[in-house]
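*Asks:* Sharing a sequence plus its predicted fold:
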Amino acid sequence: MLAVWRLNQDFRKYKNRLSFTFLLNMFIFQAQDEDERTVLVDNKCKCARITSRIIPSAEDPSQDIVERNIRIIVPLNSRENISDPTSPLRTKFVYHLSDLCKKCDLTEVELDNQVVTATQSNICDEDIETCYTYDRNKCYTNRVPLTYSGKTKMVETALTPDSCYPD
């Protein structure tokens, strides 16, 4: 409940700045679900997914409105440092709508008959985001102590073996 309240507070705070971002993202992303929802954000690192769809207004059926669906899954057994199984459990989860919506991957676009690469966000210079869960497509490793025959040595181990070792 606290995460939803904080998300609502952040949304009010950044509403003007994000309205253009949401509209832009709605037209840029063409991923459609079966029920005509447009996927605006699918952030596996933060376990958040934001979709939207256009529906008739309840007050005036001749008008269409945009309905947003924000789904956040809070991983309760997540560690402060997901790559360190001995770190304490995470107790604080922060979700900023502006951070969730930024797209920093380079994309090729055509401008004046010329192909250029660009990002779809202007806030990409910030630090790498904190992940609350593993990205199953990324290999996470950590050094752990291994005791064998009375001797202890540090060995590198895979925290996500399926991603670290090919079939």
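*Replies:* Nice, thanks for sending it over. Numbers count the residues shown, from 1 in each chain.
*Asks:* per the record, what domains does this protein have?
*Replies:* Using automatic domain parsing, the domain ranges for the chain come out as 2-127, 134-167.
*Asks:* Burial-wise, tell me which of those domains comes out on top.
*Replies:* With neighbours defined as mean count of other Cβ atoms under 10 Å, the domains of the chain peak in mean count at domain 2-127, which reaches a mean of 13. Where C-beta positions appear, they are placed from N, C-alpha and C, glycine not excepted.
*Asks:* Strands along the chain, start to end?
*Replies:* 38-43, 48-56, 64-72, 107-111, 114-118, 141-148, 151-158 (DSSP state E).
*Asks:* of all these, which lies closest to residue 81?
*Replies:* Among the strands of the chain, strand 141-148 comes nearest to residue 81, with 9.1 Å by Cβ to Cβ.
*Asks:* Now do the closest one: which elements does it pack against?
*Replies:* Here strand 141-148 touches strand 151-158, going by 3 or more Cβ pairs under 8 Å, 6 or more residues apart in numbering; DSSP states H and E.
*Asks:* Surely residue 78 touches residue 133?
*Replies:* Yes - with contact defined as Cβ atoms under 8 Å, residue 78 reaches residue 133; the gap is 6.0 Å.
*Asks:* What separation do you get for residue 87 and residue 61?
*Replies:* 53 Å (Cβ to Cβ, to the nearest Å).
*Asks:* swap in residue 160?
*Replies:* Applying Cβ to Cβ, the value for residue 160 to residue 61 is 49 Å.
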